[in-house]
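Trainee: Give me the fold of what follows.
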Amino acid sequence: MAIIDSSSYSILNARTIINILTSSKIQNNRNYPHIRSSYFDAKKATESKVIVLVKPLYSSNTERIFDDIAKLFSVDVLIKKKKVLVESETSNAVGVNFVLDLQYQSKSVKILFKSAKSEIKEKLPEILKPGSLNEEYFTSVINDAIVKLNESKEEVGLPRIFNPRLILGIYENNVKKYTIGPIKSIERLGQELEKTDVRIKTDSGNINISLKKENFSFWSSASKYSAAKNIIDHLIKTNQIQISKSGSGRTEITDPVTGKKINGIKLPATIGEIKKYCFGENTNKIDYILINSYNPGDFKEIRRTGLSGEDYKLDLNSTIVYTETSKDIIRMKDDVYLTIVPSSKNSSALLPDYPGFRIQFANKKSSSKFLLPDVKGASLQRI
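Mentor: You can find the predicted model right below:
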């Protein structure tokens, strides 16, 4: 007989996982000696992700804690009288030791295990970076709405009569601009696919979205761009900059007259550069760039009741919304700069001519201290 078999747990989500792990039935159970609040903290990252942070004193027991939690959900937890499918996964995120994927019907929740002692010494896992949390929250809100609709359809069991669809309204500063849908699914891609952070599947195809927090610094980067070399060539030839190496081998840019260090070089981006490097190309082209640090107040559910319950709308408000239209690209031109910045000696954006540089398209604020050089009349061959 399962230890956890209660009507209180009818939905699999982050809060359900945490409630089960911290319940007295589990905390005092001898079959699971390593599931103890004194050993770890269970934190909700999103509705579909839980982080089990093992305390420094018990970091050597991380694998045992993982094993006990995997066994618990495999053997002694029932959701609506049904077992949960439990699978272990590998993770490339820095500091994450193990990952469990719990699945029940169409719902999936991941549990990430990490040791608290890595908080200071290691970089934050990708999932804990501010931009990533913004993407995770955005995705989880829309995915939760999809799951609720699917569960309702399953319970009714009459698709010809009751088949509600999810429509997403895109707003900029509370003014409606676009509509996406009907939505079939949503997936967070993060760093996996060029500039696309989130992909929404609709009845008519895929919608690629790039998400930026309001305090973001960079639009994108370029591994290679021949015009950047032409810019450096011109600035050296006209004696506007001087390039040298520091004692550690790092590339440095200085003013040939004053000898002062130059943090980077910037030029306002062209329309062609904005199209290619902010929106991308071909099948991975970005449909929407949304700028906002999302919170619950930015999402509004609107349910219109009818005979078939067809209209289920989720309105999303962002600070700025861009699409690849002439009007929006003109709006972007004041805030997108091609920048050339000294980096580590292994940076390869301008190899073989100028090692140790990276090419980024930065916003106005983050590039404010960079040199804006004189390139009038120069043949730079920018797109």
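Trainee: Please count neighbours and contacts with C-alpha atoms only from this point.
Mentor: OK.
Trainee: and the gap between the residue with the largest distance to the centre of the chain and residue 342?
Mentor: Distance from the C-alpha centroid of the chain, by Cα atoms, centre = their mean, peaks at residue 257 (43.7 Å). Using Cα to Cα, to the nearest Å, one obtains 19 Å as the distance from residue 257 to residue 342.
Trainee: circling back to that earlier point, look up phi and psi at the residue farthest from the centre of the chain.
Mentor: With angles defined as degrees, to the nearest 10, residue 257 sits at phi -90, psi -50.
Trainee: check contacts around it.
Mentor: Applying Cα atoms under 8 Å, 6 or more residues apart in numbering to residue 257 gives no contacts.
Trainee: Which residue ranges make up each domain of the chain?
Mentor: Domains of the chain are assigned by automatic domain parsing as 4-125, 130-216+274-320, 218-272+331-362.
Trainee: Could you export the ones you listed as CSV, including mean pLDDT and distance to residue 368?
Mentor: Shown next, in CSV, are the domains of the chain (pLDDT from 0 to 100; distance: least, Cα to Cα, whole Å):
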stretch, mean pLDDT, distance to residue 368
domain 4-125, 84, 27
domain 130-216+274-320, 85, 14
domain 218-272+331-362, 91, 9
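Trainee: Format those domains as a markdown table; extra columns: distance to residue 376.
Mentor: Formatted as a markdown table, the domains of the chain follow (distance: least, Cα to Cα, whole Å):
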| stretch | distance to residue 376 |
| --- | --- |
| domain 4-125 | 43 |
| domain 130-216+274-320 | 20 |
| domain 218-272+331-362 | 10 |
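Trainee: Determine which of these approaches residue 378 most closely.
Mentor: Closest to residue 378 of these is domain 218-272+331-362 (Cα to Cα; 7.2 Å).
Trainee: Can you give the distance of that closest one from its chain's centre?
Mentor: Taking Cα atoms, centre = their mean, to the nearest Å, one finds the center of domain 218-272+331-362 at 27 Å from the center of the full chain.
Trainee: Could you do stretch 269-288 as well?
Mentor: For stretch 269-288 - counting by Cα atoms, centre = their mean - the centre lies 19 Å from the chain centre.
Trainee: Show me what counts as buried in that stretch.
Mentor: 269-270, 273-280, 284-288 (16 or more other Cα atoms under 10 Å).
Trainee: Endpoints of that stretch, how far apart?
Mentor: 19 Å.
Trainee: Please give the number of neighbouring residues around residue 251.
Mentor: Neighbourhood size, residue 251 [other Cα atoms under 10 Å]: 21.
Trainee: Surely it touches residue 245?
Mentor: Yes: counting by Cα atoms under 8 Å, residue 251 touches residue 245, with 4.7 Å between them.
Trainee: Show me the strands in the stretch 101-250 of the chain, by range?
Mentor: Taking DSSP state E, counting those that start in this stretch, the strands of the stretch 101-250 of the chain run over residues 107-115, 165-172, 175-193, 196-202, 205-212, 218-222, 242-245.
Trainee: Touching the third one from outside, list them.
Mentor: Around strand 175-193, the neighbours that count as contacts under Cα under 8 Å, 6+ apart are 132, 135-136, 139, 142-143, 146, 165-171, 196-203, 284.
Trainee: Show me what counts as buried in that strand.
Mentor: By 16+ other Cα under 10 Å, the buried positions in strand 175-193 come out as 180-190.
Trainee: Just flag the most distant two among the residues you listed.
Mentor: 182 and 190 (23.0 Å).
Trainee: quick one: buried residues of stretch 312-330?
Mentor: So stretch 312-330, judged by 16+ other Cα under 10 Å, has buried residues 312-319, 321-324, 329.
Trainee: same check, this time on stretch 216-232
Mentor: 216, 218-221, 228-229, 231-232.
Trainee: what about stretch 52-69, start to end distance?
Mentor: 10 Å.
Trainee: With stretch 53-73 instead?
Mentor: Terminal residues of stretch 53-73 lie 18 Å apart, using Cα to Cα.
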